[in-house]
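here's a sequence, model it:
(one chain, ligands or ions: 1)
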Amino acid sequence: MTANDTPQPTATYDSAFLKACRREPVPHTPVWFMRQAGRSLPEYRKVREGIPMLESCTRPELVTEITLQPVRRLGVDAAVFYSDIVVPLKAIGVDLDIKPGVGPVVEQPIRTRADLARLRDLTPEDVTYVTEAIGLLTRELGATPLIGFAGAPFTLASYLVEGGPSRTYENAKAMMYGDPELWADLLDRLADITAAFLKVQIEAGASAVQLFDSWAGALAPADYRKSVMPASVKVFDAVAGYGVPRIHFGVGTGELLGLMGEAGADVVGVDWRVPLDEAARRVGPGKALQGNLDPTVLFTDKDTLAAKAREVLDAAAGLEGHVFNLGHGVMPNTDPDALARLVEYVHTATAR
Ligand SMILES: Cc1c2[nH]c(c1CCC(=O)O)Cc1[nH]c(c(CCC(=O)O)c1C)Cc1[nH]c(c(CCC(=O)O)c1C)Cc1[nH]c(c(C)c1CCC(=O)O)C2
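Presented below is the predicted three-dimensional model:
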């Protein structure tokens with residue numbers, strides 16, 4: 001499929017997940033989990049043994065297996081492509097690695113205009129392993145949709161400018177406030193790279209895409225609107241013509257929910273801090289919501305888990321479209337059986 005073709009009904013078109021994204025009636029509330037593939041699954045730890053994270057993302061058969069693992073075990077309504085937000089940066093030659101237990105670490109942070117030259121455009125040839133893996137996956141998945149994803153310009157910039165994970169984003173925000181032109185140019189470069197990465201995934205067969213602006217909650221709404229939102233708008237605009245749902249998620253973004261919808265999302269992801277009925281008021285009409293069980297609830301007993309999931313469903317009762325998810329990613333020590341129970345509970349409680 002290319003942009004602006006009339007979207008054709010596909011094998012996944014009538015899935016509960018895509019219907020909920022389009023705000024159509026659903027047979028049950030669809031469920032998937034951010035970070036559903038990964039360390040909470042013993043079968044993941046087994047196949048990843050001895051293979052560095054970023055290398056694992058370049059092996060199509062391994063990517064296929066890891067992406068399918070949670071679909072088989074948990075009964076979720078969608079698969080999420082096994083990759084990472086820093087994969088496109090690595091693919092254009094940025095010297096970075098994912099350090100276990102730490103996260104992405106960038107050898108030479110981007111701090112000056114000269115550093116920007118290290119961010120060249122991403123072409124499909126840079127990530128042929130992504131195209132190949134998605135081809136394998138969509139054949140295996142059949143009617144189950146595959147969600148592609150990318151990091152939003154701000155969240156990618158936070159790693160590139162800080163050089164690694166940060167609690168304060170002091171270098172990134174100092175650039176944003178102190179050198180707005182350099183900042184705008186950096187985010188614009190990242191928007192092009194992100195858009196190119198999403199296009200590769202959609203053209204290879206992804207049924208929906210999620211833009212992770214995980215750390216945008218660090219920003220005041222006025223700064224988000226002026227200094228970050230234009231780059232995210234550029235990303236969403238670039239993939240609008242494909243007709244696949246676009247999901248927009250960040251952590252601690254209660255004050256930004258309206259703007260994150262306005263940026264061009266069809267579905268707004270909500271963390272656990274804002275109940276979904278209140279989130280719907282902040283986002284306004286015409287968008288589905290995704291979320292938002294606190295991931296730590298999975299560490300509690302069965303009855304508490306069901307009661308807390310019920311609270312999410314009750315808050316979502318009046319929404320135009322609801323995709324059940326956690327308010328952030330599955331934590332590594334989560335019991336996979338609790339995840340499977342949660343899927344079962346949501347499906348049963350919402351069966352129509
Ligand atoms: C901020 C961010 C990153 N990566 C991602 C985000 C946005 C989501 C969020 O807000 O949590 C996105 C991501 N990363 C990964 C996925 C896979 C798909 C899925 O959700 O199942 C997704 C969607 C694989 C991964 N990405 C990573 C792992 C764990 C590494 C491993 O298994 O060795 C996985 C499965 C590594 C990673 N990569 C990143 C971090 C913070 C870490 C964790 C570091 C650690 O605690 O070890 C950057």
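
quick one: low-confidence parts of this protein?
Within the chain, the stretches falling below the threshold (pLDDT under 70) are 1-9.

interface residues of it facing the ligand?
Neighbours of the ligand within the chain, by C-beta under 6 Å from any ligand atom: 34-39, 48, 53, 80, 82, 84-85, 98, 100-101, 103-104, 149, 212, 214, 329. Glycine gets a C-beta too; all of them are placed from N, C-alpha and C.

ranges for the helices of the stretch 151-300 of the chain?
Chain-ordered helices for the stretch 151-300 of the chain, with DSSP state H, counting those that start in this stretch as the definition, fall at 153-162, 170-178, 180-204, 221-227, 229-240, 257-262, 276-283.

mean neighbour count and distance to V94 for these - can I get that in CSV?
Below are the helices of the stretch 151-300 of the chain laid out as CSV (neighbours: other C-beta atoms under 10 Å; distance: least, C-beta to C-beta, whole Å):
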stretch, mean neighbour count, distance to V94
helix 153-162, 26, 7
helix 170-178, 17, 15
helix 180-204, 21, 10
helix 221-227, 16, 22
helix 229-240, 20, 17
helix 257-262, 22, 26
helix 276-283, 20, 34
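
filter the residues of the chain next to the ligand down to the ones in helices?
When DSSP state H defines the helices, the subset of these inside them is 48, 53.

just the buried residues out of the residues of the chain next to the ligand, in ChimeraX syntax.
Selection of the buried residues among these in ChimeraX, burial being defined by 16 or more other C-beta atoms under 10 Å:
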select :34,35,36,37,38,48,53,80,82,84,85,98,104,149,212,214,329
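
which of the residues of the chain next to the ligand fall in strands?
When strands are assigned by DSSP state E, the members of the residues of the chain next to the ligand inside them are 80, 98, 103-104, 149, 212.

any idea how far P165 is from G101?
As for G101, its distance to P165 is 11 Å (criterion: C-beta to C-beta, to the nearest Å).

one more: L319?
Distance from L319 to P165, counting by C-beta to C-beta: 33 Å.

neighbour count: those two, which is higher?
Each of L319 and P165 had its neighbours counted (other C-beta atoms under 10 Å), and the higher figure belongs to L319 (19 against 14).

is it true that that one touches R281?
No. The pair L319 / R281 is not scored as a contact, 10.9 Å apart, by C-beta atoms under 8 Å.

what is in contact with those two at once?
Taking C-beta atoms under 8 Å, 6 or more residues apart in numbering as the contact rule, L319 and R281 touch no residue in common.
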